[in-house]
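Participant: attaching a predicted model along with its sequence, questions to come.
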Amino acid sequence: MSSSATRDLPAPSGPPPSLEEGLGVAFIDVEASGLGPYSWPIEVGWGFHGYQPRSVLIRPVDNWSMLAWEKSAESLHRIDPGQLLTEGRSVLDVALGLNAALGQATVYSDAPDYDSFWLFRLYDAAGVKPNYRLNDIGDLLGPIWDDEPSALVGRASAVAPHTHRAADDVRHLQTMYEIALRDGS
């Protein structure tokens, strides 16, 4: 995780940023225990265009089985289960914090199928419904980037590498969008 990202959820004391404030485009990334059908979210990161991304570790709930913990996933994200127990926030805190932060935004992911699945697991465990919808970042970038998508990913990776930590990966998405806005069609 980069030192510029925080692990704290925003305080839900005020309304989420409005579209009029220029914060309508947001990015999200979820790290998980693995890729299997019983995997569960362990870290979520989010950020608005032009702002530092944030992330939070998620404390697992009792019915999320450690049988779904994949060592191959752990080797990518470098988060161990003990860290989730000591540093993770409750699923309710995370779900409510995400709703407070993202409720007025159009939210983009580079893996909406996976991220939607893990966010469903989070919100289901919290007993809360999300107040935002995930969109594919390709739908955002396609109209403003005429070149090959791999060229954009490569340029963004040189500035903000994809590290399999949620805040860093959100920064990678933000960078792709910034490059496409600046140098696109």
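Facilitator: Arrived safely.

Participant: from here on, just use CA atoms for contacts and neighbour counts.
Facilitator: OK.

Participant: need phi/psi at the closest residue in space to residue 25 that isn't next to it in sequence.
Facilitator: Distances taken as Cα to Cα, 6 or more residues apart in numbering put residue 106 closest to residue 25, at 5.2 Å, once the chain neighbours are dropped. Note on residue 106: its backbone torsions stand at phi -100, psi 120 [degrees, to the nearest 10].

Participant: biggest helix in this protein, by residue count?
Facilitator: In the chain, with assignment by DSSP state H, the single longest helix is helix 166-183.

Participant: just the C-alpha atoms of that one, please, in PDB.
Facilitator: Taking Å, rounded to 0.1, in the frame of the first residue of the first chain, the C-alpha atoms of helix 166-183 are listed here in PDB:
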ATOM      1  CA  ALA A 166      -6.900  -1.900  -3.000                       C
ATOM      2  CA  ALA A 167      -5.800   1.700  -2.700                       C
ATOM      3  CA  ASP A 168      -2.800   1.200  -5.100                       C
ATOM      4  CA  ASP A 169      -5.100  -0.500  -7.600                       C
ATOM      5  CA  VAL A 170      -7.600   2.300  -7.400                       C
ATOM      6  CA  ARG A 171      -4.800   4.800  -8.000                       C
ATOM      7  CA  HIS A 172      -4.000   2.700 -11.100                       C
ATOM      8  CA  LEU A 173      -7.600   3.100 -12.300                       C
ATOM      9  CA  GLN A 174      -7.500   6.900 -11.600                       C
ATOM     10  CA  THR A 175      -4.300   7.200 -13.600                       C
ATOM     11  CA  MET A 176      -5.800   5.400 -16.600                       C
ATOM     12  CA  TYR A 177      -8.700   7.800 -16.500                       C
ATOM     13  CA  GLU A 178      -6.400  10.800 -16.200                       C
ATOM     14  CA  ILE A 179      -4.200   9.700 -19.100                       C
ATOM     15  CA  ALA A 180      -7.300   9.000 -21.300                       C
ATOM     16  CA  LEU A 181      -8.700  12.400 -20.500                       C
ATOM     17  CA  ARG A 182      -5.500  14.200 -21.200                       C
ATOM     18  CA  ASP A 183      -4.200  12.200 -24.200                       C
END
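
Participant: just checking, what packs against that helix?
Facilitator: Applying 3 or more Cα pairs under 8 Å, 6 or more residues apart in numbering; DSSP states H and E, we find helix 166-183 packed against strand 25-32, strand 41-48, strand 54-57, helix 149-159.
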